[in-house]
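S.K.: My questions are about this predicted structure, shown below with the sequence.
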Amino acid sequence: MVNPKPMPDQPSSSASTIRTAVVCRLLGGLSWLTRSFHSFRGRWRLMAWLNRNWALFAACGQVTVRTHRGLRMAVDPFEFVGRHIYVEGVYEHECTDLVLRLVKPGDCFLDVGAHIGYFTLLAARAVGPRGTVHAFEASPHTSGILRENITINGLDNVQVHEKAVSDTCGVVTFYTSSRENLGRSGMLDPGGAAGRALVPSITVDSLLPQLLKVKMVKIDVEGGEMLVIRGMDALIARDKPYILFELTQEWLLRMGTEAASLCGHLKQRGYALFRVNARLERFDNPPMDQCNVLAVHDSAEVCQGQSV
């Protein structure tokens, strides 16, 4: 009998699979601790370690977790927003608290740049069955996860618009960012975009006849905020909603405008502007660093220095 030739050494795919499973299980266990228990000693150090070593999450696929507010969400722990939810159970604490404090049962909430639906779900729970949420997300991939998250929470008061929001109705170029930060997708090329496509665009004002009185508009569209706001002047005049938006001078400049123009546009319409921190800080000169801003018309309900 002829002995078979020995096979050359090959890396064990099964060993690699086992290592990946162990790493993902470990990351999942640590993240469950930080997500579920918010007051144990060492939590912040553990979260810092998880965020520093975010590349380890690349091997982990989409998982469904429960947020600090009791909502269930399908997230990708490797992606920026998904990782915050996966590790912390919450995304943007101060903005979360603002939405829950200002949005009431029966209200109408617009989520422009809804991404995977964190604020959409919060608002849908807050407005209840008598209220309505309109979620706008142009990315077909991301809007699919958004719809999934709406479904798994049993919400039937959300209408998804798979369109970009701008100052005109038509077609715009939409850039899809890479997996680690899909929230950077938008009408501004983030550099190294994973893809781009032509997508339909609408203005908020084009929906005005079908919108109930709007209580709050949240805008996070990676530099396109001025376009969205210019396209909702009629809504502003009619409803004077709270407007919660991200302000990033660098991205606004690349979109052909600037923070001063955006803030001036709102001030001319009777809005006071507050930087969102642990306390609301009113400003006249727009910040040059990236921050979240709450615009309040006739700021009687939200005052400077008030805790979020």
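M.R.: Happy to help now that I have it.

S.K.: Could you list the low-pLDDT ranges of the stretch 201-308 of the chain?
M.R.: Residues of the stretch 201-308 of the chain that meet the criterion pLDDT under 70 lie in 299-308.

S.K.: And the strands in it?
M.R.: 214-219, 242-247, 271-276, 280-282, 291-297 (DSSP state E, counting those that start in this stretch).

S.K.: what would these look like in JSON lines with distance to residue 164 and mean neighbour count?
M.R.: Bear in mind the C-beta positions are built from the backbone N, C-alpha and C, glycine included. Putting the strands of the stretch 201-308 of the chain into JSON lines (distance: least, Cβ to Cβ, whole Å; neighbours: other Cβ atoms under 10 Å) gives the following:
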{"stretch": "strand 214-219", "distance to residue 164": "12", "mean neighbour count": "24"}
{"stretch": "strand 242-247", "distance to residue 164": "16", "mean neighbour count": "23"}
{"stretch": "strand 271-276", "distance to residue 164": "24", "mean neighbour count": "22"}
{"stretch": "strand 280-282", "distance to residue 164": "30", "mean neighbour count": "18"}
{"stretch": "strand 291-297", "distance to residue 164": "21", "mean neighbour count": "21"}
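
S.K.: Of all the ones you listed, which one comes closest to residue 48?
M.R.: strand 291-297 (21.4 Å; Cβ to Cβ).

S.K.: Off-centre distance for the closest one?
M.R.: With Cα atoms, centre = their mean, to the nearest Å as the basis, strand 291-297 stands 16 Å off its chain's centre.

S.K.: Just give me the longest helix of the chain.
M.R.: Longest helix in the chain, counting residues (DSSP state H): helix 13-36.

S.K.: Would you indicate which residues of that helix are buried?
M.R.: By neighbour count with 16 or more other Cβ atoms under 10 Å, helix 13-36 contains the buried residues 24, 27, 28, 31, 34, 35.

S.K.: Check whether the fourth one really touches residue 49, as I assumed.
M.R.: So that's residue 31. No - the pair residue 31 / residue 49 is not scored as a contact, 11.0 Å apart, by Cβ atoms under 8 Å.

S.K.: Would you verify that residue 95 is located in a helix?
M.R.: Yes - assessed with DSSP: H, G, I helix; E, B strand; the rest coil, residue 95 lies in a helix.

S.K.: Could you tell me how many residues sit around it?
M.R.: Counted by other Cβ atoms under 10 Å, the residues lying close to residue 95 total 21.

S.K.: before we move on, what about residue 178?
M.R.: Neighbours of residue 178 under the rule other Cβ under 10 Å: 15.

S.K.: helices or strands up against the helix or strand where residue 110 lies?
M.R.: Here residue 110 sits within strand 108-112, counting by DSSP states H and E. If contacts are counted by 3 or more Cβ pairs under 8 Å, 6 or more residues apart in numbering; DSSP states H and E, strand 108-112 sits against helix 118-127, strand 132-136, strand 214-219.

S.K.: neighbouring contacts of the longest one?
M.R.: Contacts of helix 118-127 from elsewhere in the structure, counted by Cβ atoms under 8 Å, 6 or more residues apart in numbering, are 67, 69, 71, 73, 81, 85, 91, 95-96, 99-100, 103-109, 111, 114, 131, 133, 135, 146, 149-150, 153, 155, 157-158, 216, 218.

S.K.: Next, the angle strand 108-112 makes with that helix.
M.R.: Inter-element angle recorded for helix 118-127 and strand 108-112: 180 degrees (by axes from the mean of the first three to the mean of the last three Cα atoms, to 10 degrees).

S.K.: Can I get helix 118-127 as PDB, trimmed to CA atoms?
M.R.: Listed next in PDB are the C-alpha coordinates belonging to helix 118-127 (Å, rounded to 0.1, in the frame of the first residue of the first chain):
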ATOM      1  CA  TYR A 118     -32.700  55.500  17.900                       C
ATOM      2  CA  PHE A 119     -34.500  58.900  18.100                       C
ATOM      3  CA  THR A 120     -37.400  57.600  16.000                       C
ATOM      4  CA  LEU A 121     -38.100  54.900  18.500                       C
ATOM      5  CA  LEU A 122     -37.700  57.200  21.500                       C
ATOM      6  CA  ALA A 123     -40.100  59.700  20.000                       C
ATOM      7  CA  ALA A 124     -42.600  57.000  18.900                       C
ATOM      8  CA  ARG A 125     -42.800  55.700  22.400                       C
ATOM      9  CA  ALA A 126     -43.200  59.300  23.800                       C
ATOM     10  CA  VAL A 127     -45.900  60.400  21.400                       C
END
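
S.K.: tell me the mean pLDDT over that helix?
M.R.: The pLDDT scores in helix 118-127 average 98.
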